[in-house]
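[1] sequence-free structure coming up:
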């Protein structure tokens, strides 16, 4: 039975949002709605325009037999600026301050609305690159990895400091936690990453970068390629960082435990987004 | 500037999908699209019909000054049956078998497409109830909790066996791991759950139910209420279960390490879904 345009637009929107970066052939939609290819093309033109106007990302049509349509999640510079400004205020709430100058983040990283946006922001940096997996380390990085992976339409893998029996054979590396100068161990299930995989590394918080560097080393053990590193927040670190090429959404510039003050600025994210967006134009 | 119907339908679909269970007032859409309330009502009637036909869930309009429109994620009995059948086959793949009869699940629980559907299935059981948070225990339960919480539009909280300094003050309980008979400890950040919160507990795998029971005990310490328990997979357990009221998506009936065979059946999920769905009708 033929489907009306309004119904097609609603279902196509939902379908595209659920299948980011997947190349969907036009005949798929022709069959799904029992409609002419020309009607589907018109639908897609409308969706493309609305997604663009509303800052939902790009809808790209690739011509030819191997072609189709693809939804590439994205975020506008103003949308990202507003969200990060709001997050910076949240991160600076003095109730977050824990003994030792640590910050409580679990409420932010357990909030699906924030996570969806964090995922969209980070994914927007890599959406035009070949990405096969997102990697993080347990525990707090997991929700971020899941959000980014959902947006990029790829799996995510979890590195652990205490791999359990349910991981099977693992590959491990030692790393130096730059903030504590201790040598630690992290491991990843052997079957979780194929050789040559292109990987985005994400984490919640970076100080010296030792943990991130450990994951970078793990990638080499798997003969996998690093696409990029993005953390939710970096903190000013007195020593020398072991990873220097990374993106941060937020920057915790100073934590004063006596005055109960946390100073938060935006990280280098907006510059990175601007660079990626100008490449797309 | 007035927005055309086609543009409104696309943006509203995206907006509703991004804000599950949130009551959105009609004036919000009237302003967003500079359109008449009658047009918005017509749009919503179309969206309601399409969501229903396509098994995307229900769109509910509540009349009156405090009213508005609400998207309630759902899944059809046939959609759930197909998905669980496919998952049962995946879970029975003999390559999953690990020493000791454990099963490797990390690939399934690191796949955003599966997780989206798992989240939708579990959320569908609780969508008409008051839910304030989803609870799980680190590590493998986290992606499930995040998916369910995303679908229900509520935060998720993570119980840990090894709470870190970044959790702040915690409340802990001891629990007996029924499969190993050892006494273990789990803890949850004190500020993560408000008193009286209504909580759904989820986890990846349940044998004796000791871990789940520990979370149930934690809820009592927080004076929180249990709404329900759902696990991705249960395994046949020879002893007596400490939790008897739960839903399982899949049931690992037998694991034969010698013959490398895993026997998987559907859990009791479909019955529970049928009961919930008949209440809605």
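    Nice, I can see it. Being a predicted model, the structure only gives us computed values, none of them experimental.
[2] Residue A:175 and residue B:180: what is the separation?
    From residue A:175 across to residue B:180, the span is 30 Å (CB to CB, to the nearest Å). Heads up, the C-betas are built off the backbone N, CA and C, glycines and all.
[3] Based on its surroundings, how many neighbours for the residue lying closest to residue A:193 once chain neighbours are set aside?
    Nearest residue to residue A:193, sequence neighbours excluded (CB to CB, 6 or more residues apart in numbering or on different chains): residue A:222, at 4.7 Å. Neighbour count for residue A:222, taken as other CB atoms under 10 Å in any protein chain shown: 20.
[4] residues in contact with residue A:222?
    A:171, A:188, A:193, A:195, A:197 (CB atoms under 8 Å, 6 or more residues apart in numbering or on different chains).
[5] Repeat that for residue A:102.
    B:165-166.
[6] ok, longest helix in chain A?
    helix A:37-53 (DSSP state H).
[7] how much does the very next helix or strand once past that one deviate in direction from helix A:37-53?
    Toward the C-terminus, helix A:37-53 is succeeded by strand A:57-62 as the next helix or strand (DSSP states H and E). Put simply, strand A:57-62 runs at 150 degrees to helix A:37-53, going by axes from the mean of the first three to the mean of the last three CA atoms, to 10 degrees.
[8] Pull up the pairing partners for strand A:57-62, direction included.
    strand A:68-73 (antiparallel) (DSSP bridges).
[9] Rounded mean pLDDT for the partner strand, please.
    Averaged over strand A:68-73, pLDDT sits at 97.
[10] about what we covered before: among the contacts of residue A:222, which ones are in strands?
    With DSSP state E as the criterion, strands contain A:171, A:188 from among the contacts of residue A:222.
[11] mind giving me TSV with the contacts of residue A:222 and columns for neighbour count and pLDDT?
    Listed next are the contacts of residue A:222 as TSV, based on neighbours: other CB atoms under 10 Å in any protein chain shown; pLDDT from 0 to 100:
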residue	neighbour count	pLDDT
A:171	16	95
A:188	25	97
A:193	22	96
A:195	7	93
A:197	21	98
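[12] what's the closest of the contacts of residue A:222 to residue B:105?
    Minimum distance to residue B:105 across these is 15.1 Å, recorded for residue A:188 (CB to CB).
[13] still on that earlier bit, how about the longest helix of chain A, does it reach chain B?
    Yes: contact of helix A:37-53 with chain B (CB under 8 Å from any CB of the partner chain) involves A:46-47, A:49-51, A:53.
[14] Would you reformat these as a markdown table and include pLDDT?
    Shown next, in a markdown table, are the residues of helix A:37-53 next to chain B (pLDDT from 0 to 100):
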| residue | pLDDT |
| --- | --- |
| A:46 | 97 |
| A:47 | 98 |
| A:49 | 97 |
| A:50 | 97 |
| A:51 | 96 |
| A:53 | 92 |
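[15] For ChimeraX, write a command that selects the buried ones of those.
    Applying 16 or more other CB atoms under 10 Å in any protein chain shown to the residues of helix A:37-53 next to chain B, the buried members can be selected in ChimeraX as follows:
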select /A:46,47,50,51
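[16] sec struct for residue A:228, please.
    strand (DSSP: H, G, I helix; E, B strand; the rest coil).
[17] so residue A:99 makes contact with residue B:169?
    No: contact status for residue A:99 versus residue B:169: not in contact, 9.6 Å apart, counting by CB atoms under 8 Å.
[18] Summarise which helices and strands the longest helix of chain A is packed against.
    helix A:5-18, helix A:26-33, strand A:57-62, helix B:5-18 (3 or more CB pairs under 8 Å, 6 or more residues apart in numbering or on different chains; DSSP states H and E).
[19] Buried residues, the first one. List them.
    Neighbour-count burial for helix A:5-18, with 16+ other CB under 10 Å as criterion, is recorded at A:5-18.
[20] ok, and which of the residues you listed reach chain B?
    Okay, of those touching chain B (CB under 8 Å from any CB), that's A:5-7, A:9-11, A:13-14, A:17-18.
[21] Alongside chain B, which residues does the stretch 151-281 of chain A contribute?
    So far as CB under 8 Å from any CB goes, the stretch 151-281 of chain A lies against chain B at A:153-158, A:160, A:162, A:164-168, A:189, A:191-192.
[22] May I ask which of the residues you listed comes out lowest in pLDDT?
    Ranking those by pLDDT, residue A:164 lands last with 83.
[23] secondary structure element for the spatially most central residue of chain A?
    Geometric centre of chain A, nearest residue: residue A:148, 2.9 Å, by CA atoms, centre = their mean. Following DSSP H and E, one finds residue A:148 within helix A:141-152.
[24] Any buried residues in the following helix or strand past that helix, and which?
    On the C-terminal side of helix A:141-152, the closest following helix or strand by DSSP H and E is strand A:156-159. Residues A:156-159 are the ones in strand A:156-159 that count as buried (16+ other CB under 10 Å).
[25] Chain A - how does it break down into domains?
    A:5-73, A:77-280 (automatic domain parsing).
[26] Would you mind measuring the gap between the ends of the last one?
    Start and end residues of domain A:77-280 are separated by 13 Å (CA to CA, to the nearest Å).
[27] How far does that domain sit from its chain's centre?
    9 Å (CA atoms, centre = their mean, to the nearest Å).
[28] Then the shortest one?
    In terms of CA atoms, centre = their mean, the centre of domain A:5-73 is set 23 Å apart from its chain centre.
[29] From one end of that domain to the other, what's the distance?
    24 Å.
[30] In the stretch 151-281 of chain A, mark out all the strands, start to finish.
    Ranges of strands in the stretch 151-281 of chain A, per DSSP state E, counting those that start in this stretch, are A:156-159, A:170-177, A:182-189, A:198-206, A:225-235, A:247-256, A:261-266.
[31] Ok, which of those comes nearest residue A:132?
    Nearest to residue A:132, of the strands of the stretch 151-281 of chain A and by CB to CB, is strand A:198-206 at 4.8 Å.
[32] Show me what that closest one is packed up against.
    Strand A:198-206 packs on helix A:112-126, strand A:133-137, helix A:141-152, helix A:210-221, strand A:225-235, going by 3+ CB pairs under 8 Å, 6+ apart.
[33] got the contact list for the fourth one?
    This means helix A:210-221. With CB under 8 Å, 6+ apart as the criterion, helix A:210-221 contacts A:135-137, A:159, A:171, A:173-179, A:184, A:186, A:188, A:199, A:201, A:203, A:206, A:225-226, A:229, A:231, A:242-243, A:246.
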